[in-house]
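**Student:** quick one, fold the following:
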Amino acid sequence: MYVLRNLSADMSRVIPLSLGVALTLTNINVSFAETINSALASAYNNNPTLNAQRAATRAADENIPIAKSGYRPTITANANIGLSRTVFNNSDTRTAISPLGNLVQVPIGSTQTDLVPRGFGVQINQTLWDSYLTQNNVNAAEAAVSASQQALRNAEQNILFNGAAAYLDVLRDRSIVAFQRRNLEFLNEQVRSEQTRFDVGEATRTDVAQARASRAAAQASVSLAAANLKSSEAVYRQIIGKDPMRLSQVKGVGRKIPGSTGKGIAIAQREHPAIKSTEFLVDQAIFNVKSAESELLPRVDLQAQASRNYQTNSSTTSATSQSVTATLSVPIYQGGAQAGRVRQNKETLGQRRIEVDQSVDSVRAAVVSAYSQYQGAKASFAANQEQLKAAKLALEGAVEERKVGQRTTLDVLDTQTQVINAQIALANSSRDIKVAGYAILSAIGRLSAKQLGLQVAVYDPKVHKEAVEDKWFGLRTPSGN
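**Tutor:** Down below sits the predicted model:
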C-alpha cells in the first residue's frame, strides 16, 4: 500500500518564489527560458522513482495471467532410459559324462539377463471444477492491479509536486542571492562613504565600524544564499533530471483550484488515487478470503496420459498405454492450516477496510492544510508588499535625514536591513502561494500531466495490462525484454 505524502511537511520547507524579483538577475533571456511545465514534462518522462513505479505496475499486471493459468491445462512430456541386469544363482545339479566316461552330477551355476528399458510419454492435467478458486484468484489479481494503477497515479502526483517545488526553489533562491548581492554592494558603498566622512571629520570611528560590521554580515548572507541555491539546484537535478538553466516566472495554478475547501474535500473523496487504491485493496482482500474458503471445498481434476515403453534383451518388445482419469477430491481435514489461512485473510480484510478510513482522513487533512496555507500565503504576500513599500520609503528618508544630521549611520543600516528582509519575505510568500496551489491540486487528486496540460505522451498502464492479461505463453515482455 502506498501512503499519502505529507503535504504539510512539504509545504513547511523554506523554498519560496519571488514575484518578479528574479528578473533582476542579469543576462537572462526570458524568451529562451524553460517553463515550469516543460520542466515537469522532463520529470514525468525521466524521473527514476516514477519509472520504477511504472515497472512495478507492469509487474503486478502479470499476476492476472498467473491467476488465469488455473483455467488452463498443464502438459508434461517425459522420457526415460535405463539398464537392468539380473543374475540368477542356481544350486541345482545336472547329470554329465566325466572325461573317464562316468556319469557325474555337476552344478548348473548362474545365469545373467541384461535388459534396456526405455520409453516416452505425455501427460495432460486439466482442472474441471475447483469451487471457484481460480475465478476468485483472478478477481483478486485484477483488484490488485487496479490498486497498483492508482498507486502509480499517486506517485505521479508526488513527483510533479516535488518537481514544481524544486523549480520554484531555484527561482526563489536565485532571487535571494541577487538581493543579498545588491545589499552587499550597498553596504560596500556605505563603508566607503563613512570612511570618506571620517577622513574629513564628519563621522566617527563608530560609524565606520558599524558600516563594516554590516558589510561582514552581508558577506556571510551572500555565502549562505549561494549555498542554499546550490542545494536547490541539486534537488532540481535529482527530480527533473537535468540542471536548471534559464527558468521563467510562474503564474501558478490558481484557476484550476476549486473555490472552497468543501468543494476540494468532495473532489478528493471521489478522485484521490490514495483513497481509490485502498478501496481496490479491500476488493482484493475480499476475493482472497473467498479463495481461501474455496480450498476447503471439493474439486474435480482430469488427467490424460499416453506412453510407449520398450525393453530390449535378445529381442525388443514394446508396449503402448493410454489412460484418462477423472478425480474427485473432497478435503476432510488439513491439519487446521487452511482454516487458519481463512481466518488470517479475514483479519487482513478488516485491516484494509480500516486503511480506507485512514486514507480518507489523511486526504481530508491534506486538503484542509493546503487550502489554509494557500490563504495564509496570500494574506502574507499582501502584508509583505506593504512592508516592502514602507521599508523603501523609510530607507530613502533615513538616507536624506542622515545627510542633515537627523539620523545616524546605524539608523540607515537598520533600515536597509529591513528592506532586504521585506524583499526576502515577499519572495517567500510569493513562492508559498504557488506551491500551496500545486499542493491543493495534489491533495484533491488532480495534479496530473493531463490536468496540467504537459506536452508529453501520457503513460497509460492499461495498455500493458491488456497486452498480457490473456497471454498463454511467451517469455518476452511487450517492450521486447
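**Student:** only C-alpha atoms for contact and neighbour calcs from this point on.
**Tutor:** Noted.
**Student:** list the buried residues for stretch 73-80?
**Tutor:** Neighbour-count burial for stretch 73-80 flags no residue at all (criterion: 16 or more other Cα atoms under 10 Å).
**Student:** give me the contacts around that stretch.
**Tutor:** Residues from elsewhere that reach stretch 73-80 (Cα atoms under 8 Å, 6 or more residues apart in numbering): 118-127.
**Student:** let's see it at 7 Å
**Tutor:** Residues outside stretch 73-80 that contact it (Cα atoms under 7 Å, 6 or more residues apart in numbering): 118-126.
**Student:** using CSV, write out every CA atom in it.
**Tutor:** What follows is stretch 73-80, C-alpha atoms only, in CSV (Å, rounded to 0.1, in the frame of the first residue of the first chain):
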residue,chain,number,x,y,z
PRO,A,73,-4.3,-27.4,-18.9
THR,A,74,-0.7,-28.3,-18.0
ILE,A,75,1.1,-30.5,-20.4
THR,A,76,4.2,-32.5,-19.5
ALA,A,77,6.4,-34.7,-21.7
ASN,A,78,8.7,-37.3,-20.3
ALA,A,79,11.2,-39.8,-21.5
ASN,A,80,13.3,-42.5,-19.7
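**Student:** distance from the chain centre to that stretch, please.
**Tutor:** From the chain centre to the centre of stretch 73-80 is a distance of 42 Å (Cα atoms, centre = their mean, to the nearest Å).
**Student:** how close does residue 284 sit to residue 347?
**Tutor:** According to Cα to Cα, to the nearest Å, residue 284 stands 13 Å off from residue 347.
**Student:** then residue 124?
**Tutor:** Distance from residue 124 to residue 347, by Cα to Cα: 38 Å.
**Student:** check residue 79 too.
**Tutor:** Distance from residue 79 to residue 347, by Cα to Cα: 47 Å.
**Student:** then residue 359?
**Tutor:** Distance from residue 359 to residue 347, by Cα to Cα: 19 Å.
**Student:** how about the strands in the stretch 301-450 of the chain?
**Tutor:** Here the stretch 301-450 of the chain has its strands, by DSSP state E, counting those that start in this stretch, at 316-329.
**Student:** helices along that one, start to end?
**Tutor:** Shown for the stretch 301-450 of the chain, the helices assigned by DSSP state H, counting those that start in this stretch span residues 337-403, 409-444, 449-452.
**Student:** got the buried residues for the last one?
**Tutor:** Just to be clear, that refers to helix 449-452. Residues 449, 452 are the ones in helix 449-452 that count as buried (16+ other Cα under 10 Å).
**Student:** after it, next one along is what?
**Tutor:** helix 461-468 (DSSP states H and E).
**Student:** re earlier: are any of the contacts of stretch 73-80 buried, and which?
**Tutor:** Judged by 16+ other Cα under 10 Å, buried ones among these: 118-119, 121, 123, 125-126.
**Student:** helices and strands around the top strand by length along the chain, which ones?
**Tutor:** For the chain, the longest strand by residue count, based on DSSP state E, is strand 103-129. Using 3 or more Cα pairs under 7 Å, 6 or more residues apart in numbering; DSSP states H and E, the elements in contact with strand 103-129 are strand 74-81, strand 84-97, strand 299-312.
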